[in-house]
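Enquirer: kindly generate the corresponding structure for this input.
(one chain, ligands or ions: 1)
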Amino acid sequence: MAAPDSYASLRESMVREQIESRGVRDRAVMEVMKRVPRHQFVPAAIRSWAYADRPLPIGHGATISQPYIVALMTELLEVRSSHRVLEIGTGSGYQAAILARLSKHVYTIELEKELAREATQRLTRLGYANVTVRHGDGYRGWPEEAPFDRIIVTAAPPELPAALIDQLAPGGKLVAPVGSGWDQELILVSKAKDGTVRRESKGGVRFVPMRPQARVGRR
Ligand code: SAH
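Expert: All right, here's what the predicted structure looks like:
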């Protein structure tokens, strides 16, 4: 295992070579990406790959997103310290940790029970006190805690889930990969103060599909 300060220098080069070089300009986003220990969010067996320019498998068919994609989506959201943020697809908890350092509170939902459990433990161990993980179906959002200033979806639904748009506060922003199979686009949704919703495409992406929750006892 590399010494702690060599991880810090790996993060410095990750930000310079993968993120800044591709046009991310938000200083606050780059600073948090230099601080959050990404190697703590990947399985021990592939820890040496933690700062590579690619997504990595984290078990249960899930992946931790490529660092650049995490930075891009975080920049698009324009997160402020007063914001309450909803994430769909906790996975490793890495994106939630990045958002937690920029916002007031992160609510994050994971369909896979074991991943939800592991992410909860990891975030607690690393001291992210302003993140709440829930095991459940992201298609429903989190009505008890809505509305949210920002929403990020990190698995791809075939279409934008209506419940999530509903749970976005006026003035809010949502970012999500949308599409079927590998044909996905990163969509930025902005909700105006009067509730009008505007969508813009931010280019092609590849995320694991967002799955509907299995219905126990039915086929
Ligand atoms: N944001 C994560 C990466 C997520 S990968 C990170 O930083 O590591 C996508 C995740 O979405 C997977 O963990 C998958 O289990 C989860 N997922 C898929 N369908 C879902 C659904 N309907 N509701 C909630 N989570 C879902």
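
Enquirer: what's the mean pLDDT across the longest strand seen in the chain?
Expert: Secondary structure of the chain per DSSP state E: the longest strand is strand 168-180. On average, the pLDDT along strand 168-180 is 97.

Enquirer: and the longest helix that the chain contains, is it in reach of the ligand?
Expert: Of all the segments of type helix in the chain, defined by DSSP state H, the longest one is helix 113-125. Yes - legend: contact between helix 113-125 and the ligand by C-beta under 6 Å from any ligand atom is shown at residue 115. (Glycine included, C-beta is placed from N, CA and C.)

Enquirer: what's the lowest-mean-pLDDT helix or strand in the chain packed up against?
Expert: Ranked by mean pLDDT, DSSP states H and E, the helix or strand of the chain with the weakest confidence is helix 4-14, at a mean of 91. Contacts defined by 3 or more C-beta pairs under 8 Å, 6 or more residues apart in numbering; DSSP states H and E place helix 4-14 against helix 27-35.

Enquirer: quick revisit: tell me how far the least confident helix or strand of the chain is from the chain's mean position?
Expert: 21 Å (C-alpha atoms, centre = their mean, to the nearest Å).

Enquirer: in it, which residues are buried?
Expert: For helix 4-14, burial by neighbour count (16 or more other C-beta atoms under 10 Å) applies to 7, 10, 11, 14.

Enquirer: next: stretch 144-159.
Expert: Those buried within stretch 144-159 under the rule 16+ other C-beta under 10 Å are 146, 147, 148, 149, 150, 151, 152, 153, 154, 155, 156, 157.

Enquirer: any idea how many residues pack against residue 54?
Expert: If you count neighbours by other C-beta atoms under 10 Å, residue 54 ends up with 13.

Enquirer: check residue 112 too.
Expert: 18.

Enquirer: residues contacting it?
Expert: The neighbours of residue 112, taking C-beta atoms under 8 Å, 6 or more residues apart in numbering as the test, are 60, 61, 62.

Enquirer: rerun at 7 Å
Expert: Residue 112 makes contact with 60, 62, according to C-beta atoms under 7 Å, 6 or more residues apart in numbering.

Enquirer: what's the pLDDT at it?
Expert: The predicted local confidence for residue 112 is 97.

Enquirer: how near is it to the ligand?
Expert: 4 Å (C-beta to the nearest ligand atom, to the nearest Å).

Enquirer: phi, psi of residue 134?
Expert: phi -130, psi 140 (degrees, to the nearest 10).

Enquirer: er, residue 158 I mean
Expert: The phi/psi pair for residue 158 (degrees, to the nearest 10) is phi -60, psi -30.

Enquirer: around the nearest residue to residue 117 once chain neighbours are set aside, how many other residues sit close by?
Expert: The shortest distance from residue 117 to any non-neighbouring residue, by C-beta to C-beta, 6 or more residues apart in numbering, is to residue 135 (7.5 Å). A count of nearby residues for residue 135, using other C-beta under 10 Å, gives 16.

Enquirer: correct me, but residue 135 touches residue 116?
Expert: Yes - under the criterion of C-beta atoms under 7 Å, residue 135 makes contact with residue 116 at 3.9 Å.

Enquirer: related to what we said a few turns ago, could you list which of the buried residues of stretch 144-159 also contact the ligand?
Expert: 154, 155.
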